Structures are given as structure tokens and as C-alpha cells.
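# fold the following, please.
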Amino acid sequence: MSLRVTLHRLTLVSLLTASAMSSLSGCAVSRMARWSRPQPSVLEPGCTKQQVLACVNRNAVANETHPVLESWRSGSVRLHVDGVPMALPASVAVQAPSNFRLLVSNPLSGGQEVDIGSNNERFWIWSKEQPQVMTARHEDVAFALKELEMPVHIHPLWLMEVFGVAAVNGDEFEMLPARMESGTVDLVATRESPLGEDVERVVRVNLVQGNVQEHILRMPGGKVLARARLDRYTKLPNGTVMPLVISLEWPDARMKMVMDIRNPEINSPSLSQNVAIWQMPQHGQVVDIGAVARHRSAQANGIAPVTHELSRPVTPGQVRLPNSNEADWAQSPAAGAKATQTAEVPGNEDSAPVWASGTSPATTTPAKTPSATALPSAYSPSASRSSLGPLPPARE
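Okay, here's the model as predicted:
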């Protein structure tokens, strides 16, 4: 057999093989294309600000498919915090316009570890490791963040937008051009803080899904103060669509926590009937960091400080502050070495608030809203609050 014939046969075999492979791959590609056809976008790249706001605030307006989202709670949240090797059991309750409560438990003992909350007047933070209740009135938050150089920027009213119970005021926002590479569009509002500094609020919306992808607090130069990422949007049985994974980040503090929300209960009557849920914890010593910050600022400027009163006073005293060689006096309420009121920290789940147990008493909630089915979670709805399984990572 000549070399020419051999090459000819090899060429023919190669062509036939390539043709067959092309046909087979074409069928496969056709089948894949049929199953992976992209879904139509809820928002087009040329959408208007009103169309974007309609998606952002869809839970703020009642229609035939769902009621207004005024409040929600879950007693079976799995909280994952950077640096903690296991998921922490937690309970969350949120109610418009400014009520919020997050209770975090020890996964082994069930004892309460962290209490973060907000009501119409003030917000607070308590942890078992640092047993003082740190609190501030809402109007003092900016003073506390700046004067005390707090790395974790907690803006309670911003959190209400993140948790979906506060509508975004479209008059405050302008819409930037859509970013085709990421498939998102930004709504940006600039607000002057009580200290005269501009802070930008960014609401980032996914064009394909029409869902809020991120809430961002940043300085005008782009420095991010706080970021919330929303994922795993689920349509609940009452028609409400809400994210079941919320990631909160504070870059300056290198802190990140992810909430895996399971079986949320929407507009529970018990949240509005039980006002004790929104009261500051009775864990003893109280430090009003807002009053401390105002007092320090007033001293520096030779101005008499403005004082506020708490419903639960504590013994006057001193508190050590960052970047201070002396202990500053907290005017109202003052913080002392000994508190006049103390309370035992719940040592197990049975002593936690009723709303945090994941069930509601029949007298306050006659008909519990059914939970969403087939939630994409690695945890069983009946998992105990001491479960040690890791939290599935949120999708980027």
C-alpha cells in the first residue's frame, strides 16, 4: 500500500469521525441548550427607576398575591460567624418601623450568648463575654460610631431595609446606569449624618431576578462601612418573597455573619401584642455609649451635654473608652462598677423568651402561617437548637 493511499484513508477516517462527533455533540448541545435556556429578565437594561423600585418594594404593597410584610420571625435560624467553627442556633424577630431582636445561643449548653436589638427609641448589644449592655438612642448612633471609633457600624433603620420590613424611599435615590457585566443596577442615596458627613446607601438589584442583591453603606469615596448580601429568595405560602440567607459584613472590624433563616413566620400577631420582645434585656449594668459620646464631644467643645433618661437607671460611675487615658463620665445613664439591677442570664432554651422557641402560644397566634416547603437547607425543620452542623455557604 502506497503512502498516498494510507494518508487518504486516514484523512477519510478522520473526516468521518469528526462528522460523527459533530452530529453527536450537536444533539447534546441542542439538548443542553433546550434545558439551559436563560430565563427572561424581570428587569431590562433600559428599565426605569420606578420599575426597579416596584421590585425593591414589592413586599411593601399589598395585592391579590400577598399581604404587606410588616413583621417576621424565626426561632430556627442558623448563624455562621467568621472564626467560629460551628453554626450557632439563633432566633430573629423583626417588626416595622424599627423593632429588631437577635438572640444567639450556645450550641452546647443552650445558654444565651448574644442579644442584639432595637426598638423605637434605642438599640443595644449584649454579650456574655462582656456583660455590660451597650446601648444608644437612634439619634446618637452617629455620635457613638465616630466619637468612640466603633468598627461595627450598626444603623438600625438601615437594618429594617435589609430585613425587608421598611420600604425604600424612591425620592431619596437616584439610579445609576445598569452594569451589564454583573447584570445589576444600583440605586444610590446620599444622606448627611448628624456629624455633617455624607454616607451613601446603595441598593443593588439583580436585573434577571428582580431581587435586591445587596444593601451597602459606604463613604462617598467608595469605602464600605457595612454590607448585606441577600440570597436564596423563596416564595412563602402567603405569597411573600423573601431571602432566606442574609449575610452581614463589617469590613473595618473584619466581621461577617451569615443567617440561614428557616421556617419564617410572617406578620405574627404575637410580635405586636407582646411588647416585652422589644424591651432592652435585664442583664445588669447599662452603658449608654451615645450619652458617653455626646458628653465627650461636649467636653471637648465646652458645651453642656444633653442628657436622656432610661426607664431603668443604673448607679453613676465611670467607663473606659478607646483612645482615652482617663475614664469618662457617662451622664445618662451612667455606668458604674456595680449595677443596681441584675438579672440571671438564661441557662437553657426553656428559659429563653417564648417567641425565640420557634413556636407561638395558641392564645396569641391562633393560626400559624405555614412555612415554605422544600427549602434548600441542609438542616431539618425539626433540628434542635443545639445542632452542630455547619452552615451551607451563601452563594456569591
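
# can you map out the helices along the stretch 51-200 of the chain?
For the stretch 51-200 of the chain, the helices defined by DSSP state H, counting those that start in this stretch cover 141-147, 156-162.

# which one of the ones you listed lies closest to Ala90?
With C-beta to C-beta as the criterion, Ala90 lies closest to helix 156-162 of the helices of the stretch 51-200 of the chain, at 14.9 Å. Quick note: C-beta positions are derived from backbone N, CA and C, even for glycine.

# can you give me the mean pLDDT across the closest one?
Helix 156-162 shows a mean pLDDT of 90.

# same question, stretch 187-194
84.

# buried residues, that stretch. List them.
Leu187, Val188, Ala189 (16 or more other C-beta atoms under 10 Å).

# and the residue nearest to Met180 when sequence neighbours are not counted, how many neighbours does it have?
If the residues on either side of it in the chain are set aside, Met180 comes closest to Pro45, at 6.3 Å by C-beta to C-beta, 6 or more residues apart in numbering. Here the number of neighbours of Pro45 (other C-beta atoms under 10 Å) works out to 12.

# now Ser247
For Ser247, the count of nearby residues is 21 (other C-beta under 10 Å).

# give the bridge partners for Val212, please.
Counting by DSSP bridges, Val212 is bridged to Val205.

# need the per-residue pLDDT for Ser311.
Ser311 is given a pLDDT of 48.

# and the helices in the stretch 201-350 of the chain?
269-273, 289-301.

# per-stretch mean pLDDT over these, give me the minimum one.
helix 289-301 (a mean of 81).

# ok, Leu90 touching Val104?
I think there's a mix-up here, since residue 90 is Ala and not Leu. Yes. If you go by C-beta atoms under 8 Å, Ala90 and Val104 touch, sitting 4.6 Å apart.

# more neighbours, those two?
Comparing Ala90 with Val104 by neighbour count (other C-beta under 10 Å), the higher total belongs to Ala90, at 24 against 21.

# any idea how far the closest residue to Lys49 other than its chain neighbours is from Arg78?
Closest residue to Lys49 apart from its sequence neighbours, by C-beta to C-beta, 6+ apart: Met175 at 4.2 Å. As defined by C-beta to C-beta, to the nearest Å, Met175 lies at a distance of 35 Å from Arg78.

# go on, Gln213?
Counting by C-beta to C-beta, the gap from Gln213 to Arg78 is 21 Å.

# the more surrounded of those two?
Applying other C-beta under 10 Å to Gln213 and Arg78 shows that Arg78 carries more neighbours, namely 27 against 21.

# need the winner for burial among the helices of the stretch 201-350 of the chain.
Mean neighbours per residue, mean count of other C-beta atoms under 10 Å, is largest over the helices of the stretch 201-350 of the chain for helix 289-301, with a mean of 20.

# please name the residues that touch Gln50.
The contact partners of Gln50, by C-beta atoms under 8 Å, 6 or more residues apart in numbering, come to Gly170.

# mind redoing it with 7 Å?
For Gln50, no residue meets the contact criterion (C-beta atoms under 7 Å, 6 or more residues apart in numbering).

# quick one: it from Ala166, how far?
With C-beta to C-beta as the criterion, Gln50 and Ala166 are 19 Å apart.

# ok, now Val68?
Counting by C-beta to C-beta - Val68 and Ala166 are separated by 11 Å.

# neighbour count: the two, which is higher?
Set side by side, Val68 and Ala166 show more neighbours around Ala166, with 19 against 14, by other C-beta under 10 Å.

# is that one in contact with Pro156, as I believe?
No. Look at Ala166 against Pro156 with C-beta atoms under 7 Å: they stay out of range, at 10.2 Å.

# quick one: the strands in the stretch 101-250 of the chain, in order.
112-118, 122-127, 133-137, 174-175, 184-192, 198-206, 212-218, 224-235, 241-250 (DSSP state E, counting those that start in this stretch).

# specify the angle between the third one and strand 122-127 in degrees.
Just to be clear, that refers to strand 133-137. 170 degrees (axes from the mean of the first three to the mean of the last three C-alpha atoms, to 10 degrees).

# pairing partners for strand 133-137, with directions?
Partners of strand 133-137 in the sheet, by DSSP bridges, are strand 122-127 (antiparallel), strand 286-288 (parallel).
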